[in-house]
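In: One predicted model, sequence on top.
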Amino acid sequence: MDEENRRINWSSFFIKGIIVIIFILFTVWLLSLTNKGVNKSLGVLTDNVFSENIDKMKEAGKDYFTNERLPQKVGEIETISLAKMYDLKLLLELKDKNGNFCSATNSYVSVEKFDNEYQMKVYLECGEESDYIIVIMGCYDYCDTDICEKKDDSSDSTKQIEYEYKKATGGKWTDYGSWSEWSKVSVTKTDYRQVETKIVKEEYSYDKTVIETKYEELKATCPEGYKKTSDGTKCYKEDTTTVYTDKTCASTYNGYTLVSQNGNICNYKKTSNVTTNPTCPSTYNGYTFYARDGFTCKYSKSVSYSYQVPVTVSKTCYTTRSQLVTPCTGCAPQWQTIRIPYDCSTTSYQTKYDTKTEYTTSTASCPYGTSQSGNKCVSTQSQTTTTNAVCPVGYNNSSDGRCYKNSTNTKYEDISYSCSAGYDKTSDGRQCYKEVPTTVQVTGTKDVTYYRYRIREYIGGTVDYKWSTSKEDKELLNAGYVLTGRTR
């Protein structure tokens, strides 16, 4: 009886193994046909943030599914939602690359029991983005816990991989058990699992981070101690210093010219010129003075002299000349001598007597004590006076007798333009801006597929297991054996 039961159990295991293999191959085929852009493994995810979030969920799921939480029957599925993971403090809230919270109700980790292994599905939904990964788990020699993730030993070229085959004979299916609760966890139909689905329109919401750009004007500031100019284009500050100097004398004073300064006493001198006319002698070499032009003395004298005056005596003289004339009309011409008068006056000279005035000049001289200056004779007279020295214009009298003034030196600097903390300058440098993330809730409705399933078992019969180094062992396949999916 025991031998018969063992044969039936082996047969049941063999048939279940075939069903699992068919299910896995069918799933791979479906994945190769899909063109929905949803990647089914972590290795092909392009969004690093999304990949990291799924990996965090996977690690939290491995910590959660200990032996007592694993499904007990082949085809059974146990699930934990992301919301429950938050409640159990298995991980912190997940956000997508835009800072939006992922859906805590729609995201989950499920574990389905196979013959000798478990399949963990990690599904994550963040706004419009969703994806999942599949992780094979089991009790392997290298596990530190009850079960662990299956290692990929395909990279070890020195290790001989063996594949497990099984063949079930005899046995039968039991009736389906009770339906499971409706769940959003995707379940596929198999020989040992019956699946029903329903589509429910549900509202969904998630927090979305919207980047709002805030602007503010540039802050125009001056260095410490500086102020803005009235036109607001520069910064300035005034440094006041006291400058001292001695009292000074003016170069001129009431027409006087400064000669010297003794302490605070100013000595002045004024020179005035007295002009006189130069003098001329009354006579000069027999000439008599009659006028002066500057330093030129003019003289004149009368002189008697004789001269010849021509006298003309008028007289008329005659000359003769022959010419042909006609004495009467019709008469023959005749030669005739005629007299022609001409002026033959003569000139004689008569002596006459007269007087004339002759002129000469000499140089005038200046009186004693004077000197020539232009057309005048000049004598110099000097006058002196004194007065007190005074402070230069702009200076004040100090108590020590000196002079002082406050000198203001104005320094200029450029205005610096900056932004408040947290703000950056725009590309054109005219404003400040910062991007402020604001969380808003996005809501909508979508079709949600719910799944429920019930399972049956294959009982009776026997299952024979064999190992082979070939994944396509023709001898075993022709004998009715199928791959279980296990390797060693």
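Out: Noted; the coordinates are in hand. All values reported here derive from a predicted model rather than from experimental measurement.
In: Let's verify the residue of the chain most remote from its centre: helix, strand, or coil?
Out: Ranking residues of the chain by C-alpha distance from their mean position (CA atoms, centre = their mean) puts Cys331 at the top, at 138.4 Å. Following DSSP: H, G, I helix; E, B strand; the rest coil, we place Cys331 in the coil state.
In: What distance do you get for Thr449 to Ile54?
Out: Distance of Thr449 to Ile54, given as CB to CB, to the nearest Å: 21 Å. Glycine gets a C-beta too; all of them are placed from N, C-alpha and C.
In: Comparing those two, which residue is more hemmed in?
Out: Taking other CB atoms under 10 Å, Thr449 and Ile54 do not tie; Ile54 has more neighbours (24 against 10).
In: Tell me the confidence at the more buried one?
Out: Looking at Ile54, its pLDDT stands at 93.
In: Leaving out the residues flanking it, which one is nearest to it?
Out: Among residues not flanking Ile54 along the chain, Leu124 sits closest, at 5.1 Å (CB to CB, 6 or more residues apart in numbering).
In: Just the C-alpha atoms of the host helix or strand of the one you found, please, in PDB.
Out: For Leu124, the element it lies in under DSSP states H and E is strand 118-126. Output in PDB follows, covering the C-alpha atoms of strand 118-126 (Å, rounded to 0.1, in the frame of the first residue of the first chain):
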ATOM      1  CA  TYR A 118       8.700  29.900  -5.400                       C
ATOM      2  CA  GLN A 119       8.100  32.800  -7.800                       C
ATOM      3  CA  MET A 120       8.100  36.300  -6.400                       C
ATOM      4  CA  LYS A 121       6.500  39.000  -8.400                       C
ATOM      5  CA  VAL A 122       7.400  42.600  -7.500                       C
ATOM      6  CA  TYR A 123       4.900  45.100  -9.000                       C
ATOM      7  CA  LEU A 124       5.400  48.900  -8.700                       C
ATOM      8  CA  GLU A 125       3.100  51.700 -10.000                       C
ATOM      9  CA  CYS A 126       4.100  55.300  -9.800                       C
END
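In: what's the offset of the next helix or strand after that strand from the middle of its chain?
Out: Next along the chain after strand 118-126, taking DSSP H and E as the criterion, comes strand 129-138. Distance of strand 129-138 from its chain centroid, counting by CA atoms, centre = their mean, to the nearest Å, is 48 Å.
In: pLDDT (mean, whole number) over strand 129-138?
Out: For strand 129-138, the mean pLDDT works out to 88.
In: Phi, psi for the residue lying closest to Ala332 once chain neighbours are set aside please.
Out: Nearest residue to Ala332 in three dimensions, chain neighbours excluded: Thr326, at 7.7 Å (CB to CB, 6+ apart). For Thr326, the backbone dihedrals are phi -110, psi 110 (criterion: degrees, to the nearest 10).
In: Around the closest residue to Gln431 other than its chain neighbours, how many other residues sit close by?
Out: Computed as CB to CB, 6+ apart, the closest residue to Gln431 that is not its neighbour in sequence is Tyr215, at 5.2 Å. Residues lying near Tyr215 (other CB under 10 Å) number 10.
In: Ser103: what's it in contact with?
Out: 82, 125-127, 204, 206 (CB atoms under 8 Å, 6 or more residues apart in numbering).
In: if we go to 10 Å?
Out: Residues in contact with Ser103 (CB atoms under 10 Å, 6 or more residues apart in numbering) are 81-83, 94, 124-127, 130, 204-207.
In: Checking it next. Helix, strand or coil?
Out: For Ser103, the assignment made with three-state DSSP gives coil.
In: measure it to Asp343 for me?
Out: 159 Å.
In: what's the answer for Asn67, then?
Out: Shown here: Asn67 relative to Asp343, a distance of 183 Å by CB to CB.
In: sorry, back to before: my guess is the residue nearest to Ile54 contacts Leu91, does it?
Out: No: look at Leu124 against Leu91 with CB atoms under 10 Å: they stay out of range, at 11.7 Å.
In: which one of these two has more residues nearby?
Out: More neighbours surround Leu124 than the other of Leu124 and Leu91, with 26 against 16 (other CB under 10 Å).
In: contacting residues around the more buried one?
Out: Residues near Leu124 by CB under 10 Å, 6+ apart: 50-51, 53-58, 82, 94, 96, 102-103, 106-109, 130-133.
In: ditto for Asp87
Out: Shown in contact with Asp87 (CB under 10 Å, 6+ apart): 80-81, 104.
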